[in-house]
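A.B. asks: I'd like to go over a predicted model; first the sequence, then the structure.
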Amino acid sequence: MKRSGPLFTLFTGLALALFMLSLNATTGEGTSSYGGAPAATTTPSASPSASPSPSATKASPSTSPSASPSQTKRARPNASYAGRTDDNTSAVSVSVRGDKAVAYFCDGRTKESWLKGNVEDDGSMKLSGSHGAKLEGTLAGDRIRGTVEIQDRPYGFTARKAVKPSGLYRATTEVRGAKVDGGWIVLPGGRQVGIVTKNDKPSSAPPIDPETGAVTVDGEHLTARPVVP
């Protein structure tokens, strides 16, 4: 009986050792079914791929438009033009300075009108006067061709460039307390057409000296001067 104690103890320890060895072989850590280390799990990147950034500065369209061709302006000489109406009953003279114009219509008896206005780059003009008088014409070359309307009656006319002493003249003053306003058109060739209005009463004008503009009205010596707009 005494000998069986140590043997039993040895047997029991051996059995326990075999059991532990078998347990380790079955549940050992770190092994995979293929005998290698477990595959590492790769975590996808949390930040999305950056989208392509648009160009920092877009090419803006040019803010300066292409220069348009400059309009050709017709030269407007500083000159006077004189001529007669198409029906040969009256005279018309136009004085041009830059883009301004003054015109005078006169029949040499009782009908007259002073008109003024602008001259456009193309030579066209629209002038106006009292009582609805108006003149429309075009300066081209050495002449003005147009129509003047006086007292609702139209008169076609052609006025050619005047060479001194031809042209348009005017004298305004007082004679013995009466207001005097005289207008003269000296036509090419020297013929004169004019009216003197005294206290709003028109009458045929006496001739002026075309070289000096001197004229005598009711015994008073006056000087008619070239009209400038």
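C.D. replies: Perfect, I can see it now.

A.B. asks: show me where pLDDT drops low in the protein?
C.D. replies: 1-76 (pLDDT under 70).

A.B. asks: Okay, domains of it per the record?
C.D. replies: 79-161, 167-226 (automatic domain parsing).

A.B. asks: what's the most buried one of the ones you listed?
C.D. replies: Ranked by mean neighbour count under mean count of other C-beta atoms under 10 Å, the domains of the chain are led by domain 79-161, which reaches a mean of 18. Using the backbone N, CA and C atoms, a C-beta is placed for each residue, glycine as well.

A.B. asks: can I assume V217 is in contact with V175?
C.D. replies: Yes: counting by C-beta atoms under 8 Å, V175 is a contact partner of V217 at 6.1 Å.

A.B. asks: Common neighbours of the two, please.
C.D. replies: K198 (C-beta atoms under 8 Å, 6 or more residues apart in numbering).

A.B. asks: Now name the helix or strand holding the residue nearest to G108 when sequence neighbours are not counted.
C.D. replies: Closest residue to G108 apart from its sequence neighbours, by C-beta to C-beta, 6 or more residues apart in numbering: V193 at 4.4 Å. V193 belongs to strand 192-198 when assigned by DSSP states H and E.

A.B. asks: Give me the sheet partners of the next helix or strand after that strand and which way each runs.
C.D. replies: With elements assigned by DSSP H and E, the helix or strand that comes after strand 192-198 is strand 201-204. Strand 201-204 sits in its sheet next to strand 192-198 (antiparallel), going by DSSP bridges.

A.B. asks: ok, and what's touching the strand it pairs with?
C.D. replies: Contact with strand 192-198 is made by 90-91, 106-112, 169, 175, 178-187, 202-208, 210, 217-218, as judged by C-beta under 8 Å, 6+ apart.

A.B. asks: hey, C-alpha coordinates of it in CSV?
C.D. replies: Extracted C-alpha coordinates of strand 192-198, given in CSV (Å, rounded to 0.1, in the frame of the first residue of the first chain):
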residue,chain,number,x,y,z
GLN,A,192,-27.6,143.0,-104.0
VAL,A,193,-30.8,141.9,-102.4
GLY,A,194,-31.8,143.4,-99.0
ILE,A,195,-34.4,144.7,-96.7
VAL,A,196,-34.3,147.3,-94.0
THR,A,197,-36.8,147.0,-91.2
LYS,A,198,-37.5,150.2,-89.3
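
A.B. asks: Please consider this matter closed, and thank you.
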